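1. I'd like to go over a predicted model; first the sequence, then the structure.
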Amino acid sequence: MMITQTPPAIAGLKESLTALLPDFQSLSTPSDVPSFPTTLDRAKYLDTFKIVPETNDIKSCLECASRELLYDIVTGFDVETSRQPFIQLYQFFDLILALSELELSDPQLPFALIEETLDTQPIDNCKRIFSYLEARIERLTVGVDGTKGKGIILLRLCNELLRRLSKSEDTVFCGRIFVFLTKSFPLSERSGVNLRGEFHVENKTAFDEQWSPQAGNKTPFPKLDHTSPNLRDNDSSEVAMAADACHRLYIVLWSTQHEFAEPTRLFQKQVLDNFKNSLDTVIKAFRSSIDEHGHNAPSVTPDARCSLKRKWDGESKHDELDSYNPKYLTSRELFDLEVRDLVFRRHILVQFLIVIEFLLSLSPKYKKYLEAEAKNRSVQFAYTLSEEDDKWAEAAKKDVVNALNYKSGMDGLLFSRTVDSVLTREKNWVKWKAENCVSFEMEPASSENVTVSKSAGHEATTLVNSLGKVMGAPALTRVWFDGSLDVTAIRSNTERIKLPAYRSYNKAIEGYHLDKDFAFTEQEKEEIDESISNVTWRSLRIASRDRFQLFKSLDDDLSVKSLMTIEDGVVAGGREAEKESKKDTQTSVDSDSVKPTQ
């Protein structure tokens with residue numbers, strides 16, 4: 001094998017890069033990333049790289065030299081206890097980033113070198129290298145576009161790193177990568193959006209689909225419907241029936257994974273009918289796997305009973321809820337334990353809920369709402385849910401939510417509400433995708449608009465000067481001194497300020513009652529009743545000025561006619577009392593005028 005010699009220009013650039021590394025700070029601790037220099041001397045770097053002949057491309061030579069230097073630094077990573085390779089690596093990345101900012105190298109060169117470094121390192125070292133990306137995110141992501149340049153390299157290196165990670169063991173690191181991508185690209189970035197609405201049909205679940213009651217696995221499954229305290233109380237026929245029911249549930253539950261991976265299969269009537277039956281069967285089976293106290297019912301078989309001797313206290317339940325399984329095993333021997341697992345039941349029910357929400361998005365009402373401003377036709381389906389299936393989907397959604405909350409207390413209620421919030425947000429994202437991912441970022445307001453807004457706000461919030469001791473209003477003052485209006489006539493015209501008698505409204509009310517008797521429609525009657533109420537209110541308000549003492553006798557009948565009757569009765573009673581008083585007075589006078597004889 002022939003080894004080519006490094007060109008002198010590249011070798012000289014490599015030495016220059018090595019000499020510039022000390023210009024950048026070193027690490028204080030193994031996990032820290034040094035701060036970037038505040039100022040960069042462009043003239044210094046230009047003078048350093050003058051050794052490259054003018055006939056050569058300085059950017060290409062600089063890229064080759066930087067790769068040579070990177071390979072030399074990475075070879076020192078074999079020594080795990082040494083911190084020097086990481087110190088030099090961070091300094092090297094900062095140097096390349098500085099060259100790209102000074103336009104001496106390609107803008108995507110820092111990402112290309114970081115990508116190569118991550119491909120050659122184990123996961124532990126990748127975590128430390130990724131810390132550099134998080135610390136330099138503001139500088140690295142300047143002008144990032146997900147469709148070209150360094151944006152494509154950034155997406156590629158993050159996706160490649162995610163493929164190497166375990167979702168169950170490296171969950172925190174996966175979260176760091178997603179957060180970094182969220183900060184690097186705007187929310188309206190479409191590079192990671194499934195614009196064509198494709199389903200992951202390759203995600204197939206393998207399970208034992210071939211089964212018959214006479215053949216196959218002879219090991220009886222534990223009974224899901226616990227109607228007896230122990231197994232020896234059941235005869236052989238009941239055990240066989242229980243095993244048969246468990247095997248059928250196994251086939252029904254795992255066969256629904258086909259519809260979960262490809263929901264468009266439900267557009268076929270036969271497949272949709274089978275899905276309805278499967279959902280009903282699974283919900284009933286999940287309910288039967290919980291005892292009257294809301295705990296997972298223990299298995300009645302001897303082997304399972306020995307494996308479940310641990311007491312179901314609060315701590316064990318907390319450990320169960322904290323467990324995470326990216327994909328469950330489909331072995332028949334594990335099926336009974338999986339059904340009794342709360343996390344597994346929630347996993348299956350949430351999948352059902354997602355598919356039901358997908359069906360509800362195909363209802364005529366929702367499709368009309370979605371197609372109002374839809375431009376991306378690829379995420380819209382020609383299939384429309386029938387009225388009968390729409391009602392079933394609404395009822396099925398309630399059944400699944402009730403199954404999530406079944407005997408689970410506040411924890412189940414909180415979980416179902418969280419799932420509902422997530423699905424609601426997903427509806428909004430689907431609508432945004434149907435609208436062709438229109439950017440919702442607002443441009444900053446111009447300086448002119450800001451100035452106009454400030455002046456308008458200042459005028460609107462300025463207090464009006466007080467009139468002081470001046471009485472009246474400016475318009476009335478002008479009329480007073482103008483002499484065009486006879487103020488004396490205004491004073492003497494008492495008819496304008498005279499209130500009518502409250503009894504004058506009684507005729508109008510009687511006329512409205514007569515009109516109501518000849519009304520044909522309910523709307524006409526309602527309008528007449530409203531007019532009667534308005535006139536009655538005006539009349540009673542006038543009467544309350546000097547007849548308020550009579551209102552206590554009205555009880556619940558607040559009408560003008562009743563008030564008039566009470567007033568007439570009071571007046572008539574007063575007249576009778578006055579007559580009686582006069583009569584008594586006259587009698588006493590007559591008796592006094594008659595003197596007794598002596």
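-> Happy to help now that I have it. These numbers were taken from a predicted model, which means no experiment stands behind them.

2. low-confidence ranges in the stretch 451-598 of the chain?
-> By pLDDT under 70, the weakly predicted segments of the stretch 451-598 of the chain are 463-473, 483-497, 577-578, 581-598.

3. let me fix that, I meant to ask about the chain.
-> Along the chain, segments meeting pLDDT under 70 span 1-6, 25-56, 76-85, 210-244, 291-326, 372, 463-473, 483-497, 577-578, 581-598.

4. quick one, strands of the chain?
-> In the chain, no strands are defined using DSSP state E.

5. give me the distance between the residue nearest to the spatial centre of it and Arg417.
-> Nearest residue to the geometric centre of the chain (Cα atoms, centre = their mean): Arg425, 4.2 Å. Separation of Arg425 from Arg417 (Cβ to Cβ, to the nearest Å) stands at 13 Å. For every residue, glycine as well, the C-beta is placed using N, CA and C.

6. and what of Leu514?
-> Counting by Cβ to Cβ, the separation of Leu514 from Arg417 is 59 Å.

7. more neighbours: which of the two?
-> Using other Cβ atoms under 10 Å, the more surrounded residue of Leu514 and Arg417 is Arg417, with 13 against 10.

8. could you pull out the helices in the stretch 251-400 of the chain for me?
-> Under the criterion DSSP state H, counting those that start in this stretch, the stretch 251-400 of the chain contains helices at 257-261, 269-288, 302-307, 314-322, 332-339, 342-360, 364-370, 387-405.

9. again, but for the stretch 401-550 of the chain
-> Secondary structure of the stretch 401-550 of the chain (DSSP H, counting those that start in this stretch): helices at 409-434, 447-461, 474-482, 487-492, 505-517, 522-543.

10. make JSON lines out of those and add distance to Ala19.
-> Listed next are these as JSON lines, based on distance: least, Cβ to Cβ, whole Å:
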{"stretch": "helix 409-434", "distance to Ala19": "51"}
{"stretch": "helix 447-461", "distance to Ala19": "47"}
{"stretch": "helix 474-482", "distance to Ala19": "84"}
{"stretch": "helix 487-492", "distance to Ala19": "100"}
{"stretch": "helix 505-517", "distance to Ala19": "103"}
{"stretch": "helix 522-543", "distance to Ala19": "94"}
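
11. ok, which of those comes nearest Gly192?
-> Closest of those to Gly192 is helix 409-434, at 11.4 Å (criterion: Cβ to Cβ).

12. for that closest one, packing partners?
-> When contacts are defined as 3 or more Cβ pairs under 8 Å, 6 or more residues apart in numbering; DSSP states H and E, helix 409-434 packs onto helix 342-360, helix 364-370, helix 387-405.

13. ranking these by burial, who's on top?
-> With neighbours defined as mean count of other Cβ atoms under 10 Å, the helices and strands packed on helix 409-434 peak in mean count at helix 342-360, which reaches a mean of 19.

14. chain center to that helix: distance?
-> Chain-centre distance of helix 342-360: 18 Å, with Cα atoms, centre = their mean, to the nearest Å.

15. put the alpha carbons of it into CSV.
-> Taking C-alpha atoms only, helix 342-360 is exported to CSV below (Å, rounded to 0.1, in the frame of the first residue of the first chain):
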residue,chain,number,x,y,z
LEU,A,342,-51.4,-1.0,34.5
VAL,A,343,-48.8,0.6,32.2
PHE,A,344,-49.5,-2.0,29.5
ARG,A,345,-53.2,-1.4,29.7
ARG,A,346,-52.7,2.3,29.4
HIS,A,347,-50.4,1.8,26.5
ILE,A,348,-53.0,-0.2,24.5
LEU,A,349,-55.9,2.1,25.4
VAL,A,350,-54.0,5.2,24.3
GLN,A,351,-53.4,3.6,21.0
PHE,A,352,-57.1,2.9,20.6
LEU,A,353,-57.8,6.5,21.6
ILE,A,354,-55.4,7.8,18.9
VAL,A,355,-57.1,5.7,16.2
ILE,A,356,-60.5,6.8,17.3
GLU,A,357,-59.4,10.5,17.1
PHE,A,358,-58.2,9.7,13.6
LEU,A,359,-61.6,8.4,12.6
LEU,A,360,-63.3,11.4,14.2
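
16. by contact count, what packs against that helix?
-> Short answer (3+ Cβ pairs under 8 Å, 6+ apart): helix 342-360 packs on helix 257-261, helix 269-288, helix 314-322, helix 387-405, helix 409-434.

17. any idea which of those gets closest to Val560?
-> Judging the helices and strands packed on helix 342-360 by Cβ to Cβ, what sits closest to Val560 is helix 387-405, at 53.1 Å.

18. these two touch, right, Cys61 and Ala9?
-> Yes. Cys61 is in contact with Ala9 according to Cβ atoms under 8 Å; the separation is 5.2 Å.

19. how near is Arg545 to Ile152?
-> 84 Å.

20. what about the two, which has more around it?
-> Neighbours per residue, other Cβ under 10 Å: of Arg545 and Ile152, the larger number sits with Ile152, 16 against 9.

21. who touches the residue nearest to that one when sequence neighbours are not counted in this structure?
-> Using Cβ to Cβ, 6 or more residues apart in numbering and skipping the chain neighbours, the partner closest in space to Ile152 is Gly146 (7.3 Å). By Cβ atoms under 8 Å, 6 or more residues apart in numbering, the contact list for Gly146 reads Ile152, Leu155, Phe185, Glu189, Arg190, Ser191, Gly192.

22. repeat that for 7 Å
-> With contacts defined as Cβ atoms under 7 Å, 6 or more residues apart in numbering, Gly146 is in contact with Leu155, Phe185, Glu189, Ser191.

23. now do Lys433
-> So Lys433 contacts Val193, Leu195, Asn376, Val379 (Cβ under 7 Å, 6+ apart).

24. how close does Thr451 get to Pro107?
-> Computed as Cβ to Cβ, the Thr451 to Pro107 distance reads 37 Å.

25. Ser184 contacts Leu154, doesn't it?
-> Yes. Counting by Cβ atoms under 7 Å, Ser184 does reach Leu154; the two are 6.4 Å apart.

26. compare these two (neighbour count), which wins?
-> Using other Cβ under 10 Å, the more surrounded residue of Ser184 and Leu154 is Leu154, with 25 against 19.

27. so what's the more buried one up against?
-> Counting by Cβ under 7 Å, 6+ apart, Leu154 has contacts Phe111, Val144, Ser184.

28. all set now, cheers.
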